[in-house]
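*Asks:* Here is my input, please return the structure:
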Amino acid sequence: MKSNGRPDVLKNILVWKKQGVLVLLAVLVQLPAAASYAARIYPSAGTTSAAFLKLGAGARASAMGGAFTAVPGDPYAVYWNPAGLAYLEDERNISFFHNEYFQGLGQEFLSYTVPARGKGAWGLGLDYFYTAKDLERRSGLNEGGDLVTVSPVEGKFGAYDLAFSAAYGRELRRDLALGAAMKVIRQSIDDESGVTAALDLGLLRSFNWRGSGYTAGLTVQNLGPGIKLISRSYALPLTFKAGLSRRLAETGGLISLEADKPIDNYPSFILGVEYPLTDRLALRSGYRYRLYGNELGAWSGFSAGAGVAFDRLSFDYAFTPFGALGNSHRFSINLRFGAAAKAGPRAAAAPAVTGGAVFRFSSSPRALSMSPRGVKYEIKAFSPDCGISSITFRTLVRGEAAAEFSLAEGAAGTDLLIGLPQGVLPLKVWGPVSLPGEAHGEISFEFKAARSSAGPGQTVFLYRDGNSWKEASAALSGENGDFYFFSARAPLSLYYALGLRTRD
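*Replies:* As a prediction, the model looks like this:
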């Protein structure tokens, strides 16, 4: 209802109505003090706008209490820490999250991640928070007098909040990833609305300590100007987060610790755990403790849930109690479109490598991220005597990654001579390749070629694709003594070959 042409008192009442609803939503989201529980209230609690930005996204993270700043490689990294997108550069994900919040409030979150050209990954997120259209509109025109002390209801209205995010994350080096997300935020209450923009920044740093792998994370969320509604501006819920997670290779579990400090509340400390019961089913729980007490009682900091994962599809559920206000039930589903591939067994009728030798590669696995589907590792393996001196790839493994694997090297059998590109002569063949887990994305190779057999312009690196060979991109990386050294990238295959280009 508009106030144009009405007395100033009516305008003030309308302003109170709009701002009062906003503060009410902010108070509900931030869990203000219940009268029956002695918890200290922050002096500026409930004064920020867009409080829905604090609700979180994804049932997996919610079940762990929101201790997710230092958990990389999850599709909801677009919300929690955009640096985590760096570990999704070899797969696409589309995810949907529904939050059946208390007191008729609801939230929907839709996200999509896609590998970036070159390195890293992009993420898009749409966060929608809404109330039922049952808030009463009272203008105040009919108040006063002995008989009418309260303005009658003149209709009902609702409110909704919306945020669209575009995020990007990439690894700067093997143990460090950075990310950023730009947001456009809109709040609407009855017939008033406001729009603003904000920025999230994130960092992830992986390291080993006492033989165990850890990931540390930092995020700053909601950097930006406030939102103006009617005649007053409200600050955004700027929040600083720091976390530490550890992957348990023995059980496949995950432990995450986090400290959060919003500008309008005391710090919170969170512990989240995830434990896989089977290859498909995982249980989760978490607890959030706010300094000076949880506003709705001790149980309001508890959360729990479970998830079931298949090769491409996963379902998650989380439960969170909110004391007298009710309970929250959260559900999410994720569909993965990846480049995962399995080499599979070699056909017995096709001789792989003749007259060769088997070389053992020793690897140094580095855990990147963990999900109910397993642990994603980056594996870099070396063999000083093999023609392929090193192999680097990412793989998903349920459990601990193998420290060794083997590769055969020799001449091509008769069947493998079929399908060669014209003008290419195979000098050496490697295969079959048996890599642990499911390889994700392309594989990086370092290989050498004798000066006496091929020059830099004549060297070709090939991979077997069905019944034919395809050429992979190879570049000269150095030379030493009798050898040229090259680097190449190719998809997972049963066979790889070093070829000599005899003519164009």
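
*Asks:* Quickly list the domain ranges of the protein.
*Replies:* The record's domain split for the chain, according to automatic domain parsing, is 8-337, 353-501.

*Asks:* Put together JSON lines for the ones you listed, with mean neighbour count and mean pLDDT on each row.
*Replies:* Any C-beta I mention is one placed from the backbone N, CA and C, and that applies to glycine too. Shown next, in JSON lines, are these (neighbours: other CB atoms under 10 Å; pLDDT from 0 to 100):
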{"stretch": "domain 8-337", "mean neighbour count": "19", "mean pLDDT": "84"}
{"stretch": "domain 353-501", "mean neighbour count": "18", "mean pLDDT": "81"}
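
*Asks:* Quick one: list the elements packing against the strand or helix carrying Ser314.
*Replies:* Applying DSSP states H and E as the criterion places Ser314 in strand 313-321. Applying 3 or more CB pairs under 8 Å, 6 or more residues apart in numbering; DSSP states H and E, we find strand 313-321 packed against helix 59-63, strand 302-309, strand 327-338.

*Asks:* Ok, which of those comes nearest Lys470?
*Replies:* Closest to Lys470 of the helices and strands packed on strand 313-321, according to CB to CB: strand 327-338, at 20.8 Å.

*Asks:* what separates that closest one from the chain centre, distance-wise?
*Replies:* 12 Å (CA atoms, centre = their mean, to the nearest Å).

*Asks:* So which residues make contact with that strand?
*Replies:* By CB atoms under 8 Å, 6 or more residues apart in numbering, the list of residues contacting strand 327-338 from outside reads 58-60, 62-63, 75-76, 90-102, 305, 312-322, 440.

*Asks:* who does it pair up with?
*Replies:* With DSSP bridges as the test, strand 327-338 is paired with strand 91-100 (antiparallel), strand 313-321 (antiparallel).

*Asks:* between the ones you listed, which gets nearest to Phe52?
*Replies:* It's strand 91-100; of those, that one is closest to Phe52 (CB to CB) at 9.8 Å.

*Asks:* Could you list the residues in contact with that closest one?
*Replies:* Contacts of strand 91-100 (CB under 8 Å, 6+ apart): 55, 57-59, 62, 75-76, 106-115, 328-340, 440.

*Asks:* please redo it, this time with the cut-off set to 7 Å
*Replies:* Defining contact as CB atoms under 7 Å, 6 or more residues apart in numbering, one finds that strand 91-100 is touched by 55, 57-59, 75-76, 106-114, 328-339, 440.

*Asks:* That strand: what's the following helix or strand?
*Replies:* strand 106-115.

*Asks:* Who are the packing partners of whatever helix or strand comes next after that following strand?
*Replies:* Note on strand 106-115: by DSSP H and E, the next helix or strand toward the C-terminus is strand 121-130. When contacts are defined as 3 or more CB pairs under 7 Å, 6 or more residues apart in numbering; DSSP states H and E, strand 121-130 packs onto helix 77-80, strand 106-115, strand 159-173.

*Asks:* now do 10 Å
*Replies:* Helices and strands touching strand 121-130, by 3 or more CB pairs under 10 Å, 6 or more residues apart in numbering; DSSP states H and E, are helix 77-80, strand 91-100, strand 106-115, strand 159-173, strand 176-189.

*Asks:* Make CSV from these and add distance to Leu238 to it.
*Replies:* CSV is the format used below for those (distance: least, CB to CB, whole Å):
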stretch, distance to Leu238
helix 77-80, 16
strand 91-100, 22
strand 106-115, 20
strand 159-173, 15
strand 176-189, 12
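
*Asks:* Run the chain-centre distance for the longest strand along the chain.
*Replies:* Longest strand in the chain by number of residues, with DSSP state E as the criterion: strand 192-209. Relative to the centre of its chain, strand 192-209 is centred 12 Å away, using CA atoms, centre = their mean.
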